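*Asks:* Build me a model from this:
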Amino acid sequence: MNRHIFALQQVARRSFSGSARRQIENKVRQNQKLFQEDNGIPVHLKGGTADVLLYRATMVLTVLGAGYAVYELVMASFPQKKN
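*Replies:* Have a look, this model is predicted:
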């Protein structure tokens with residue numbers, strides 16, 4: 001039993017402390033140039049198509065939610081008459 005725990009510790013140590021790691025390219029400089037560029041586009045839309053889609057979906061949901069809230073307030077203000 002003890003031997004299995006020791007073997008598991010060695011495997012875990014090897015997988016976390018290996019020297020053959022995949023290097024990730026640093027893209028900070030590229031992103032800084034992209035977002036600081038003065039091209040008339042708002043900063044929250046400079047990320048591309050995904051940013052535009054997320055922005056539009058957020059705006060649609062906000063308008064629909066606000067409209068629904070106003071509708072419910074109006075319905076609550078004028079209750080139905082009972083016969």
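
*Asks:* Can you find the helix or strand in this structure with the smallest mean pLDDT?
*Replies:* Least confident element among the helices and strands of the chain, by mean pLDDT, DSSP states H and E: helix 2-16 (a mean of 70).

*Asks:* now what about the helix or strand following that helix, what contacts it?
*Replies:* Using DSSP states H and E, the helix or strand that follows helix 2-16 towards the C-terminus is helix 28-36. Helix 28-36 is contacted from outside by 43, 46, using CB atoms under 8 Å, 6 or more residues apart in numbering. All C-beta atoms are positioned from the backbone trio N, CA, C, and that covers glycine.

*Asks:* May I have helix 28-36 exported as CSV, CA atoms only?
*Replies:* Output in CSV follows, covering the C-alpha atoms of helix 28-36 (Å, rounded to 0.1, in the frame of the first residue of the first chain):
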residue,chain,number,x,y,z
VAL,A,28,0.5,41.4,-24.9
ARG,A,29,2.4,43.8,-27.3
GLN,A,30,0.1,42.8,-30.2
ASN,A,31,-3.0,43.3,-28.1
GLN,A,32,-1.8,46.6,-26.8
LYS,A,33,-1.3,47.9,-30.4
LEU,A,34,-4.7,46.7,-31.4
PHE,A,35,-6.6,48.2,-28.5
GLN,A,36,-4.7,51.5,-28.4
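
*Asks:* I'd like to know the average pLDDT value across it.
*Replies:* What helix 28-36 shows for mean pLDDT is 90.

*Asks:* Report the next helix or strand after that helix in sequence order.
*Replies:* Later in the chain than helix 28-36, the nearest helix or strand by DSSP H and E is helix 49-77.

*Asks:* Show me which residues of that following helix are buried.
*Replies:* Buried residues in helix 49-77, defined by neighbour count with 16 or more other CB atoms under 10 Å: none.

*Asks:* Distance from the chain centre to it, please.
*Replies:* 19 Å (CA atoms, centre = their mean, to the nearest Å).

*Asks:* for that helix, packing partners?
*Replies:* Packing partners of helix 49-77 (3 or more CB pairs under 8 Å, 6 or more residues apart in numbering; DSSP states H and E): none among the helices and strands.
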